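A.B. asks: Starting from these lines, generate the structure:
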Amino acid sequence: MTNEVIRNIITRRSCKKFKSDPVPQEMIDAVVEAGLYAASGMGKQSPIIIVVTDRMTRDKLSELNAKYDPMKRSDPFYNAPVVIPVLADKTIITHVYDGSLVLGNMMLAAHSLGLGSCWIHRAKEVFEDKEGQEILKRLGIFGEYEGIGNLVLGYPEILNSNIPARKENRVFRI
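C.D. replies: A predicted model of the protein is given here:
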């Protein structure tokens with residue numbers, strides 16, 4: 001039994017090659033809104049979302065991310081025009097899970113709108129870095145925040161419709 005939501009969950013794939021075309025603000029806002037409605041432990045809503053469409057800031061975040069990238073990619077954001085870092089309050093015990101749910105919701109929302117997305121790691125390292133801290137200060141963000149992940153967003157240059165078979169023996173029933 002499937003519906004539109006389940007089909008989006010099954011067919012969503014990470015995009016690793018983006019067109020440089022700008023994404024309309026209303027689409028970005030819809031993706032962000034989906035993130036804001038993610039479940040959170042005890043309803044604390046600890047994650048914060050930073051929407052980056054400014055090319056200079058986007059490139060600075062890419063450069064910082066590349067600094068910690070073991071694969072040493074020149075642009076770990078795959079040319080995506082939008083980067084959406086998600087951070088969460090470290091004082092909340094469920095902060096990593098809460099931020100992960102925000103990212104998951106946003107990836108599904110992006111797919112439902114025909115946008116490509118990919119979760120890029122190393123947000124923790126980027127926002128612990130002195131330059132990452134400066135970006136947060138410029139935005140007026142203070143507190144004990146940990147970078148959970150970066151969502152890169154844009155129009156896919158290549159559509160990945162390959163849905164690999166699911167591994168067996170992952171569901172146990174009592």
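A.B. asks: tell me, what residue is most central in this structure?
C.D. replies: Leu151 (2.1 Å; Cα atoms, centre = their mean).
A.B. asks: roughly how far apart are it and Ser62?
C.D. replies: Distance from Leu151 to Ser62, counting by Cβ to Cβ, to the nearest Å: 14 Å. Placement of C-beta: from N, CA and C, glycine included.
A.B. asks: Overlap of the contact sets of these two?
C.D. replies: Val83 (Cβ atoms under 8 Å, 6 or more residues apart in numbering).
A.B. asks: Quick one: the strands in the chain, in order.
C.D. replies: Counting by DSSP state E, the chain has strands at residues 47-49, 82-89, 116-120, 145-154.
A.B. asks: and the residue lying closest to Pro22 once chain neighbours are set aside, how many neighbours?
C.D. replies: In this structure, Pro22 finds its nearest non-sequential neighbour in Pro81, 5.7 Å apart by Cβ to Cβ, 6 or more residues apart in numbering. Counted by other Cβ atoms under 10 Å, the residues lying close to Pro81 total 20.
A.B. asks: Can you name the residues that contact the closest residue to Ser112 other than its chain neighbours?
C.D. replies: Of all residues not flanking Ser112 in the chain, Asn8 sits nearest, at 5.0 Å (Cβ to Cβ, 6+ apart). Listed by Cβ under 8 Å, 6+ apart, the contact partners of Asn8 are 108, 111-112.
A.B. asks: ok, now how distant is the residue nearest to the centre of the chain from Gly99?
C.D. replies: For Leu151, the distance to Gly99 - Cβ to Cβ - is 11 Å.
A.B. asks: what's the answer for Ile141, then?
C.D. replies: The value you get for Ile141 to Gly99, if Cβ to Cβ is used, is 14 Å.
A.B. asks: what about those two, which has more around it?
C.D. replies: Shown here are Ile141 and Gly99; by other Cβ under 10 Å, Gly99 has more neighbours (29 against 14).
A.B. asks: for the more buried one, what are its contacts?
C.D. replies: 46-47, 86-88, 146, 148-149.
A.B. asks: if you set the cut-off to 10 Å instead, what comes out?
C.D. replies: 35, 38, 40, 46-49, 85-89, 92, 123, 145-149 (Cβ atoms under 10 Å, 6 or more residues apart in numbering).
A.B. asks: likewise Met106?
C.D. replies: 28, 30-36, 38, 49, 84, 86, 115, 117, 119, 149, 151, 153.
A.B. asks: any chance you could map the helices in this protein?
C.D. replies: Along the chain, the segments classed as helices by DSSP state H run 4-11, 25-36, 55-67, 95-112, 123-128, 130-139.
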